[in-house]
Structure formats: C-alpha cells, structure tokens
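Asker: missing the sequence, but the structure's below:
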C-alpha cells in the first residue's frame, strides 16, 4: 500500500478517528432530533437512542477501520466512554464555575473527551492484536 497521509499508522488512525467521530455524531444527533420531533419521544429517551447508536457505530468503525483491530474489549470501551464523558462534564462544569463561557468550557471538555477516547481506544480497547 502506498504511504499516504491517511495510511500512516498514528496519523492515519488519528484522521480516521476524526472522520469516525463526525459520522457517529451525525448519526446520534440525527436520531435524537428524529426521535423527538418525528416520533414524539421524550428528550431523555431520544438521547439514550441517539447516543447509544452513535457509540455503537463508533465502536464498530473504530475497531474495523480506525485501528483495524481483530478484536476489542466491549467492557473496556463502555468504561472508557463513561470515564471520558465524566471528564468532559467535570471540565465543562469546572470551567463554567470559574466564569469561563459555556461554549469555551464545552469545547475544552470535548477536547479532553476526544483525546481520552482516542488514547484509550488505541492503547486499552484495541491494543491486544
């Protein structure tokens, strides 16, 4: 295979991880909006459906495409995503309590979430191949 930006190990994985994130975000958001406005679901139920579908797509694409792993630990994945989500909330709320604007605080939390999940996927969830 030619040595292109997208095929290089770390940088290729990082690029594919970003693309996967965009896809699972679009799926999750689309489902949430559809569940609320078309199907009449509660916001909580719609978020459960949307996030559940997004996280499922994320696991599948990150396993098969981003990291091209033969196996992956679903339990570690769920724990990792929960840990990263808690970190996202802690950073976001902590910065907001320090009078940092919500958009800036949420951005910082999202960066922490994304970096944590990438590292965890690479070195914990799909590392046994």
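Answerer: In hand now; what should we look at? Only a predicted model underlies this, so the values are computations on that prediction, with no experimental measurement involved.

Asker: and residue 45, what element?
Answerer: In this assignment (DSSP states H and E), residue 45 forms part of helix 43-61.

Asker: which residues does that helix contact?
Answerer: Helix 43-61 is contacted by residues 20-21, 23-25, 27-33, 35-36, 39, 41, 72, 74, 77, 81 when judged by CB atoms under 8 Å, 6 or more residues apart in numbering. The C-beta positions use only the backbone N, C-alpha and C, and glycine is treated the same way.

Asker: same question, stretch 12-24
Answerer: Under the criterion CB under 8 Å, 6+ apart, residues 5-6, 54-55, 57-58, 61-62, 65-67, 114, 118, 121-122 lie in contact with stretch 12-24.

Asker: can you flag the buried ones in these?
Answerer: Buried positions within the contacts of stretch 12-24, assessed by neighbour count (16 or more other CB atoms under 10 Å), are 54, 55, 57, 58, 61, 62, 66, 67, 118, 121, 122.
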